[in-house]
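> Just the structure for this:
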Amino acid sequence: MIGSDEDPRVAELRTAVSRLRRELATLPSDFPDRAIAEDELAALAAMVSGGAPETPRLRTSLLLIAGAIGSVSALARGLREVREAVDLFGESSRS
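Here you go, the predicted model:
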């Protein structure tokens with residue numbers, strides 16, 4: 001949003017999550033972990049609606065989503081965009 005005080009990382013993640021949710025919704029085939037992917041994408045959408053989300057929680061959701069849809073090639077681009085948007089938040093503190 002031009003002229004907005006919104007964190008551009010949040011906007012990027014919101015866009016990527018929204019796009020992947022739409023792609024998943026239009027996917028005609030069903031797969032065993034579809035509900036997990038849908039639930040975690042909904043959780044990510046809720047996190048970004050409240051402002052800057054917690055990086056460790058973002059990464060946990062990303063791992064769950066990747067595990068759930070990682071083998072669905074039709075969703076590879078959307079998943080990559082979500083991963084890149086999560087990466088904008090930097091490394092979590094793993095000491």
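
> CA atoms only for the longest helix along the chain - export them in CSV, please.
In the chain, with assignment by DSSP state H, the single longest helix is helix 8-26. Coordinates of each C-alpha in helix 8-26 appear next as CSV, following Å, rounded to 0.1, in the frame of the first residue of the first chain:
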residue,chain,number,x,y,z
PRO,A,8,6.6,-4.3,3.5
ARG,A,9,7.6,-7.7,4.7
VAL,A,10,4.1,-8.2,6.2
ALA,A,11,2.6,-7.1,2.9
GLU,A,12,4.8,-9.4,0.9
LEU,A,13,3.9,-12.4,3.1
ARG,A,14,0.2,-11.5,3.1
THR,A,15,0.3,-11.5,-0.7
ALA,A,16,2.2,-14.8,-1.0
VAL,A,17,-0.1,-16.6,1.5
SER,A,18,-3.2,-15.3,-0.2
ARG,A,19,-1.9,-16.5,-3.6
LEU,A,20,-1.0,-19.9,-2.3
ARG,A,21,-4.4,-20.3,-0.6
ARG,A,22,-6.1,-19.5,-3.9
GLU,A,23,-4.0,-22.0,-5.8
LEU,A,24,-4.6,-24.7,-3.2
ALA,A,25,-8.4,-24.0,-3.3
THR,A,26,-8.5,-24.4,-7.1
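
> Residue 89: neighbouring residues, count only.
19 (other CB atoms under 10 Å). (Each C-beta comes from the backbone N, C-alpha and C, glycine too.)

> Ramachandran coordinates for the residue found closest to it once you drop the neighbours it is linked to in the chain?
Of all residues not flanking residue 89 in the chain, residue 55 sits nearest, at 4.7 Å (CB to CB, 6 or more residues apart in numbering). Backbone torsions for residue 55, taken as degrees, to the nearest 10, come to phi -60, psi -50.
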